[in-house]
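>>> I would like the atomic coordinates for the input below:
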Amino acid sequence: MEVEFDVKIKAGDLYDYMLRHTYSGLSGILGTIVGILLIANFVINGGFISAIIGVVVILYLPWTLFLKSQQQAAGNPAFKEPLHFKMTDAGVEISQGDAVQQQAWSDMVKAVSTQKSIILYTSKVNASIFPKRELGEKIPAIIEMISTHMPPNKVKIKA
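I've put the predicted structure just below:
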């Protein structure tokens with residue numbers, strides 16, 4: 001079985017990935033908890049400064065991720081043209097222009113989904129982003145390829 005598709009990564013796709021990646025990790029969770037605790041302190045004890053700091057802490061990370069996604073989309077040549085993906089039993093081939101890269105399924109770290117994308121991690125911090133708006137009717141075939149070739153404990157995709 002083989003599935004081929006092209007994706008054009010936009011700033012919103014990068015932002016979706018960054019939010020998912022950050023808020024599923026310790027720093028995103030801790031930042032949110034600290035912000036909530038500061039706001040709760042304001043509600044219980046007063047102290048307007050506590051509320052301001054809490055709101056800043058909660059909003060800082062999404063805002064900086066938004067700015068970073070805009071900068072990456074605008075500045076990275078890899079996002080200027082569509083990426084071509086070919087999923088086979090051997091792995092995933094990614095090509096753009098003359099550049100071709102092959103990743104074996106055994107090298108994939110995990111696969112997750114958001115409302116907007118399917119994300120295939122090739123390392124703890126690097127991933128291939130497949131925006132669902134670009135995939136159309138190929139979504140079930142892509143999910144099947146990933147689920148067939150990766151262990152179930154590494155796949156957290158909701159259709």
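>>> Tell me the pLDDT of the closest residue to Asp13 other than its chain neighbours.
Nearest non-adjacent residue to Asp13, counting by CB to CB, 6 or more residues apart in numbering: Pro131, 4.7 Å away. (C-beta placed from N, C-alpha, C; glycine too.) The model reports Pro131 with a pLDDT of 95.
>>> Give the burial count for Pro131, as a bare number.
19 (other CB atoms under 10 Å).
>>> Tell me the spatial nearest neighbour of Glu81, not counting adjacent residues.
Sequence neighbours aside, Gln96 is the residue nearest to Glu81 in space, at 5.9 Å (criterion: CB to CB, 6+ apart).
>>> Report the helix or strand with the lowest average pLDDT across the protein.
helix 26-45 (a mean of 87; mean pLDDT, DSSP states H and E).
>>> Is the residue nearest the centre of the chain in a helix, a strand, or coil?
Among the residues of the chain, the one closest to the centroid is Tyr17, at 2.2 Å (CA atoms, centre = their mean). Three-state assignment for Tyr17 (DSSP: H, G, I helix; E, B strand; the rest coil): helix.
>>> Just confirm it contacts Phe130, I think it does.
No. Applying CB atoms under 8 Å, one finds Tyr17 not in contact with Phe130, separated by 10.2 Å.
>>> any idea how the protein splits into domains?
With domains defined by automatic domain parsing, the chain comprises 3-8+80-156, 14-75.
>>> Worst mean pLDDT among those?
Note on these: domain 14-75 shows the lowest mean pLDDT, a mean of 89.
>>> Any idea how far apart the tips of that domain sit?
With CA to CA, to the nearest Å as the measure, the first residue of domain 14-75 is 13 Å from its last.
>>> and the longest helix for this structure?
If you go by DSSP state H, the chain has its longest helix at helix 48-75.
>>> Okay, buried residues for that helix please.
Residues of helix 48-75 classed as buried: 50-51, 53-54, 57-58, 61-62, 65-66, 69, 72-73 (neighbour count, 16 or more other CB atoms under 10 Å).
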